[in-house]
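Novice: have a look; sequence and predicted model below, questions after that.
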Amino acid sequence: MALFSRRKKSADDSVTDPTETENVEASDESTQDAATETAPEAVAPTIGISVQAFRGVGAQAGPEVSLTETDAPTAGPTAGGAPAPTAPVAPTGSAVPQAQPAQAAAERRLPLAAAMPPEQTETVAGMKDNVLLREALTEIEKGATNEQLLGVLRQALQGHLYIRVNGDARAQISEGKPLSVAVVRDGERQFMLGFSSAAAVRDSVQLEKDPTATSAVAQPVTSVLQQVVSGEFAGLIVDNASAPHRVVFPTELLQKTLEQADVDMTVKSIVASPRQQDSAVKLGEALAAKRMWVAVNDGAGTGQVGIAEAQTPDGKRFLQLFSHPLEVIALGRGDRPLPFEPLQLSKLLSTHSEMAGVIVDPAGPTMVIERDSLSAVLILDIDIDD
């Protein structure tokens with residue numbers, strides 16, 4: 001956990017290095033159950049996001065998928081009644097497959113965001129930003145659509161969020177006390193605060209009458225979301241002092257997000273991290289242990305149902321896999337996310353040797369994993385059959 005504490009204002013108004021917790025000063029102020037402030041009018045939580053509950057995603061794993069070769073944008077159901085993969089491809093790069101949704105007037109390119117994760121930055125020295133979330137928030141303006149807001153939530157689901165604490169967070173943790181988290185009140189409702197960077201925390205602290213009594217702690221995103229869902233909160237406000245680049249996520253939406261998420265965000269964390277020599281192998285091992293999702297086309301306008309695949313310029317075929325239903329929605333193709341278990345992936349790859357591998361989270365950041373890095377997945381089917 002990274003900690004920092006606001007001290008008495010100095011000339012440079014600095015924030016302490018979270019890696020040097022011995023320098024964190026305890027506040028003389030007594031702690032309360034929660035530090036509160038009144039919600040600014042512009043932060044009124046009026047965002048009702050559902051996108052049809054992530055387009056009707058079910059909790060159960062989907063049926064086995066029989067892969068069939070096709071040159072058409074969509075393919076009909078297979079003999080087993082399950083949708084077959086589609087090949088909506090028009091790639092422009094040699095490393096990353098590209099895709100074109102059905103019924104689109106203009107060709108769409110994958111990934112929608114940069115394929116590689118952004119460079120790690122620290123807007124306050126020593127305190128790492130959640131760069132993907134911070135950058136996604138810069139694109140949010142007043143009147144943002146539900147799809148745009150869900151895009152922010154998609155990018156938030158990796159790394160960490162900072163939360164504000166009334167008093168000395170380090171002392172509360174060492175004493176085993178519940179953190180006295182800061183909240184915003186809107187009438188009888190209260191909202192937890194989350195921040196994409198230490199700078200966003202600092203901006204928020206400036207709104208306090210006594211900013212010296214505030215500290216902060218970095219926690220995994222899923223941990224923060226769980227606190228919101230399990231507590232008496234109406235939702236989560238992200239970067240509350242950064243209008244118009246702030247968002248409010250209702251608790252109901254966060255509950256749905258957590259129900260469909262890997263609590264450790266293993267796959268998303270690998271994809272969103274700087275590439276290492278063994279990144280592909282690590283992701284292959286994660287795919288052997290974690291449920292993923294595929295994108296199912298409902299056949300609107302064609303009567304044909306299929307799941308999405310992609311293809312490189314040299315003809316290699318890759319199954320599109322997604323770490324969360326929000327990743328499917330981000331593509332804007334109208335596809336329905338379908339759960340896909342490791343054994344299903346293993347059977348598909350084992351049965352269809354022509355599949356070169358998988359592309360994970362095509363909306364970006366993304367990774368293309370070829371078969372030679374998927375041995376941990378392929379062996380699952382062998383073990384079962386033996």
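Specialist: Thanks, I have it.
Novice: show me the shaky parts of the stretch 201-350 of the chain.
Specialist: Within the stretch 201-350 of the chain, the ranges that satisfy pLDDT under 70 run 207-212, 299-304.
Novice: quick one, strands of it?
Specialist: 214-220, 235-238, 247-250, 292-297, 306-311, 317-321, 336-340 (DSSP state E, counting those that start in this stretch).
Novice: as PDB, could you dump the C-alpha coordinates of the last one?
Specialist: It refers to strand 336-340. Presented in PDB, the C-alpha positions along strand 336-340 are these (Å, rounded to 0.1, in the frame of the first residue of the first chain):
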ATOM      1  CA  ARG A 336     -23.200  -9.700 -26.400                       C
ATOM      2  CA  PRO A 337     -20.400 -10.800 -24.000                       C
ATOM      3  CA  LEU A 338     -20.500 -14.600 -23.400                       C
ATOM      4  CA  PRO A 339     -18.400 -16.200 -20.600                       C
ATOM      5  CA  PHE A 340     -15.700 -18.500 -21.800                       C
END
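Novice: show me the contacts for Ala356.
Specialist: Shown in contact with Ala356 (CB atoms under 8 Å, 6 or more residues apart in numbering): Thr312, Lys316, Arg317, Phe318, Glu370, Arg371. To be clear about C-beta, it is placed using only N, CA and C from the backbone, and glycine gets the same treatment.
Novice: give me the phi and psi for the nearest residue to it once chain neighbours are set aside.
Specialist: Nearest non-adjacent residue to Ala356, counting by CB to CB, 6 or more residues apart in numbering: Lys316, 3.9 Å away. The phi/psi pair for Lys316 (degrees, to the nearest 10) reads phi -70, psi 140.
Novice: what's the separation between Lys316 and Glu370?
Specialist: Relative to Glu370, Lys316 is positioned 8 Å away (criterion: CB to CB, to the nearest Å).
Novice: hey, what's in contact with both of these two?
Specialist: Here Lys316 and Glu370 have Ala356, Gly357 as joint contacts, going by CB under 8 Å, 6+ apart.
Novice: who wins on neighbours among the contacts of Ala356?
Specialist: Within the contacts of Ala356, Phe318 tops the neighbour count with 25 neighbours, counted by other CB atoms under 10 Å.
Novice: how near is that one to Gln344?
Specialist: Computed as CB to CB, the Phe318 to Gln344 distance reads 16 Å.
Novice: coming back round to it: show me which pair in the contacts of Ala356 is furthest apart.
Specialist: Using CB to CB, the pair of those lying farthest apart is Thr312 and Arg371, separated by 13.7 Å.
Novice: tell me the bridge partners for the nearest residue to Val328 once chain neighbours are set aside.
Specialist: Setting aside the residues directly before and after it, Val328 is nearest to Pro337 in space (CB to CB, 6+ apart), at 4.2 Å. On the basis of DSSP bridges, Pro337 takes part in beta bridges with Ala295.
Novice: hmm, Leu253 is touching Val152, no?
Specialist: No: counting by CB atoms under 8 Å, Leu253 does not reach Val152; the two are 11.4 Å apart.
Novice: give the rounded mean pLDDT of stretch 129-143.
Specialist: Stretch 129-143 carries an average pLDDT of 88.
Novice: report the buried residues of that stretch.
Specialist: Buried positions in stretch 129-143, judged by neighbour count with 16 or more other CB atoms under 10 Å: Asp129, Asn130, Val131, Leu132, Leu133, Arg134, Glu135, Ala136, Leu137, Ile140.
Novice: check stretch 185-192 too.
Specialist: Buried residues in stretch 185-192 (16+ other CB under 10 Å): Asp186, Gln190, Phe191, Met192.
Novice: out of those residues, who's nearest Gln158?
Specialist: The closest of these, once distances to Gln158 are taken by CB to CB, is Met192, at 19.1 Å.
Novice: pretty sure that closest one is in a strand, no?
Specialist: Yes: Met192: assigned to a strand according to DSSP: H, G, I helix; E, B strand; the rest coil.
Novice: run through the bridge partners of it.
Specialist: Going by DSSP bridges, Met192 forms beta bridges with Val183, Leu236.
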